[in-house]
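**Q** Okay, sequence plus prediction incoming.
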Amino acid sequence: MPATWDWEYAWEITPALVGGMLIIILATVLGIVIAVILGLFLALGRRSEKKWVSYPFAWFIEFVRSTPLLVQLFFLYYALPQVDFLPRAISTLPAMTTLVFGLGVHYGCYCSEAYRAGINSVPKGQWEASTALNLKTTTKWRNVILPQAIPRALPPLGNYFVAMFKDAPQGSAITVAGLLFVARALQSADFRTVEPFTIAGILFLIVSIPAAMLVRRLERRVAYESD
Amino acid sequence: MLEELLLTPRQYENLMAGTLVTVQVILGSFALGTVMSLVMGVARLSHRRWLRGWALVYIELARGISAIILLFWMFFALPILFGFGGMSPMLAGILALGLNMGAYGAEIVRGAIQSVPKGQTEASIALNLTERHRLRHVVLPQAVPIILPPYGNLTIEVLKGTALVSLITLTDLTRAALVIRQNRVLSDDPVNVPILFVNVLVIYLFLSQIIAQVFKVAERRSARKFGST
C-alpha cells in the first residue's frame, strides 16, 4: 500500500461506513417491495385491451425507463413540494422515503417488463383452456396464468434487484445518510478521501458480487426446471 | 397553457450548454465502453487461461461496483492513491462510465460470439484462417446482429448514468438544472421548479429516443449485411 493509506484510520471509519451500507440495503429492500407490487400492476395495465388504459401505462413505463433515476429523485425531492394542488403530506416527503419511493417506481417499471415477458411465455393452450373451462378472469389470472408466469420472471426480477442496490447510493444526492453520504462527510471532516471511498467500494463489492452470483444460480435453476 | 410549460430562453441556453456536456460524456463513455466490451468479451473466450481469468476479474469488479461508487472513487481517491495531480471531472466520468459499460458489454459480446454456430469456427480452422482472421471476418460479423439490440439498451443505461457526473461538479444537463434551481432566489431569474425538472426529463427522453433510433437503423443495416436468417 502507498504511504497515503492509513490502516488505523481505515479501521476507525469502517463502522460508520457499514452503517451507511445498512441504510442502502434497507432502502433497497423497501424499494423491492414497492417495485414488485407496482410492477405487476403496471404489467397488467399495459396488457389491457382498452387502448386508453394500455397506452398511458406504456408511455409511463417508457418515460421512467428512459430518464435518469437521479433526475427523478431530484424531481421528487425538490419539485414535488412546489406542486400547489398536492396536499403537503404527499408532496413533502423525508429524504429516505423519497429514495425508497423513487427506487420503487423506477424499478417497478423495469419489473413490469419482466412480468410481461413471463406472462407472454405462458403457453397459449393455458389461456384457451381457461376460457374453455369458463373460469372467471380473476381465477384465470390468480390460479392459472400468474403461478406459471412469475417463476419465469424471477431471474430478470433478481437482476433488477441487484441493479436497484447499485443505484441506491444515489440517495446521498438528496441527503439520505447512506454509504456515499457517510464517505463524503468523512471527507469534509478529516480531509481524507482514499480510505473512505476505497472502503466504501470494497464494502459494496462484498454485497453485490455474492448477490449477482445468487441471481445467476437462480437463472440456471429456472432454465433447468422449465426445460 | 403551453407557455406555462416552457422556460425562459436564457434558461434553455443553460440547459443546452449542459446537454452538450452530457453528449460529450456519453460519446466518450460509449467509445471506451465499446473498446472494453470487444476486448474483454473476446478475452473471456480466449484459450489462454490467464487472459480469461483477467477478463473475468475485470467484468466481475466493474459490474459489481456501481457506477456512482466507481465514479466517486476515481474522482476523489484514485489521484491521491497513485500520487498524480488530480483528475478532471469529465475524464473521471468517462472512465467510470466507460469501464462500467465495458463490463456489461463484454458479457453481451461473449454471449453473441457463443451463439454463432460452432461450424463457422470449425470451417475457419479447416480453411486455415489465422485466429485474427477467423474472429474479424467470420465470427464477429455474424455476432453483430445479436449484439446490437441489447447494446442499444445498454447505451441508454449509460446515458442515464451520465447524470451522475453532476455530483462531481461537472455542469452537465442535470447540474445545469440544479444551478437554475439555486439561482431562482439569488438572481432575478424565477423558475417553476416542477416545470424545470419536467423539461430536463423530456430532454433526457429525447436523447434516449435518438440512441434507440440510431440502433434501430444499425440493426436493420446489419441484418441486411450479415443476416443469415
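**A** Everything's here; your move. Numbers count the residues shown, from 1 in each chain, chains lettered A, B, ... in the order given.

**Q** State the pLDDT value of B:Ser228.
**A** On pLDDT, B:Ser228 comes in at 54.

**Q** so after the helix or strand of chain A with the lowest mean pLDDT, what's the next helix or strand?
**A** Using mean pLDDT, DSSP states H and E, the weakest-scoring helix or strand in chain A turns out to be helix A:88-91, at a mean of 77. Per DSSP states H and E, the first helix or strand lying C-terminal to helix A:88-91 is helix A:95-120.

**Q** Going along the chain, name the helices of chain B.
**A** Using DSSP state H, the helices of chain B run over residues B:9-43, B:49-64, B:67-72, B:78-81, B:89-115, B:118-126, B:131-133, B:140-161, B:173-186, B:193-226.

**Q** if we can go back for a sec, mind exporting the least confident helix or strand of chain A as PDB, just the C-alpha atoms?
**A** Output of helix A:88-91 as PDB, limited to C-alpha atoms (Å, rounded to 0.1, in the frame of the first residue of the first chain):
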ATOM      1  CA  ARG A  88     -48.400  18.600   1.800                       C
ATOM      2  CA  ALA A  89     -48.400  15.100   3.300                       C
ATOM      3  CA  ILE A  90     -48.000  13.600  -0.100                       C
ATOM      4  CA  SER A  91     -45.700  16.200  -1.800                       C
END
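
**Q** returning to what we had before: of the helices of chain B, which stretch is the most buried?
**A** helix B:67-72 (a mean of 26; mean count of other Cβ atoms under 10 Å in any protein chain shown). To be clear about C-beta, it is placed using only N, CA and C from the backbone, and glycine gets the same treatment.

**Q** does that one come close to chain A?
**A** Yes - applying Cβ under 8 Å from any Cβ of the partner chain, one finds helix B:67-72 touching chain A at B:67-70, B:72.

**Q** Spatially central residue in chain A, please.
**A** A:Met164 (3.8 Å; Cα atoms, centre = their mean).

**Q** Return the residues in contact with that one.
**A** A:28, A:31-32, A:35, A:103, A:106-107 (Cβ atoms under 8 Å, 6 or more residues apart in numbering or on different chains).

**Q** change it to 10 Å
**A** A:Met164 makes contact with A:27-29, A:31-32, A:35, A:69, A:103-104, A:106-107, A:110-111 under the criterion Cβ atoms under 10 Å, 6 or more residues apart in numbering or on different chains.

**Q** One more: A:Asn134?
**A** Neighbours of A:Asn134 in contact, by Cβ under 10 Å, 6+ apart: A:Lys140.

**Q** Low-confidence stretches in chain B?
**A** Low-confidence segments of chain B, defined by pLDDT under 70: B:1, B:227-229.

**Q** What separation is there between the residue nearest to the centre of chain A and chain B?
**A** According to Cβ to the nearest Cβ, to the nearest Å, A:Met164 stands 10 Å off from chain B.

**Q** Which SSE is immediately downstream of the one helix or strand that residue maps to?
**A** Take DSSP H and E as the rule and A:Met164 turns out to sit in helix A:146-167. From helix A:146-167 onward toward the C-terminus, using DSSP H and E, the following helix or strand is helix A:179-190.
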